[in-house]
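Visitor: What shape does this take:
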Amino acid sequence: MRLEISDWRNVPYAEAWDRQTACFDALVHAKQVGEEYVNHIILCEHPHVYTLGRSGKEGNMLLSEEQLSAVGASLYHIDRGGDITYHGPGQLVCYPILNLEEFSLGLKEYVHLLEEAVIRVCASYGITAGRVEKATGVWLDGNSPRARKICAIGVRSSHYVTMHGLALNVNTDLCYFSYINPCGFIDKGVTSLQKELGKEVPIEEVKKRLCNELKELL
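Guide: Model prediction:
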């Protein structure tokens, strides 16, 4: 098994999408023709951007094009599952490009694994996180009126190869979530490691912890 971890650091969303797609296409092709391939775990941050998944509703973006431009953000319609979400500085984005068959995982098990990795990272900072029924991602106080999401997850799978992934709020400017209905929810909040701990968290440290958990779970 070849698993390569790459840190693209701060990269524009369109460039990251192109690079991610190239890795995905190469893995699918190699798998189909029986050649050697590399599984990837890609880490990065993005400038302010909103992405709307296949099943997303346009109405969950609350800003006009002019207003988007005014807050320095852009909007992309993309081919993952899920609704609308935000990416920006201080948020750790992780794009695993994996052959699920090699890891004996179905898609639901894979999403569960991503959630579990983030739940463990949160626990390492003394934060109790978990899941909410029928709501993908990682939540705090998920079954209470104080429910708030700390990590969004949206993936695409074709030929049992994955792309897209998770977005964990580390030191994220959470005001950008007020311009959308995050993941289509209007009754739940968002949070970050920084907000919960009351201090900035070194993102390089979070990257190491997340990679360690993903490698162990895989």
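
Visitor: do you know how far the most centrally placed residue in the chain is from G154?
Guide: Closest residue to the average C-alpha location of the chain: L166 at 1.6 Å, with CA atoms, centre = their mean. According to CB to CB, to the nearest Å, L166 stands 8 Å off from G154. (C-beta placed from N, C-alpha, C; glycine too.)

Visitor: re earlier: residues in contact with the residue nearest to the centre of the chain?
Guide: By CB atoms under 8 Å, 6 or more residues apart in numbering, L166 lies in contact with V93, C94, L114, V118, C151, A152, I153.

Visitor: what's the closest of the residues you listed to S6?
Guide: The nearest member of the contacts of L166 to S6, counting by CB to CB, is C94 at 10.7 Å.

Visitor: Look at the closest one and say how many residues are nearby.
Guide: Neighbourhood size, C94 [other CB atoms under 10 Å]: 23.

Visitor: H46 is in contact with that one, correct?
Guide: No: the pair C94 / H46 is not scored as a contact, 12.0 Å apart, by CB atoms under 8 Å.

Visitor: May I have the beta-bridge partners of the residue nearest to the centre of the chain?
Guide: C94, I153 (DSSP bridges).

Visitor: any idea how far it lies from Q67?
Guide: 27 Å.

Visitor: for S178, same thing?
Guide: Remark: distance between S178 and Q67 (CB to CB) = 12 Å.

Visitor: again, but for R54
Guide: To Q67, R54 is 24 Å away according to CB to CB.

Visitor: Help me confirm that K208 is found in a strand?
Guide: No: counting by DSSP: H, G, I helix; E, B strand; the rest coil, K208 falls outside a strand, being helix.

Visitor: Which pLDDT does the model give it?
Guide: You'll see K208 listed with a pLDDT of 98.

Visitor: again, but for R148
Guide: The predicted local confidence for R148 is 95.
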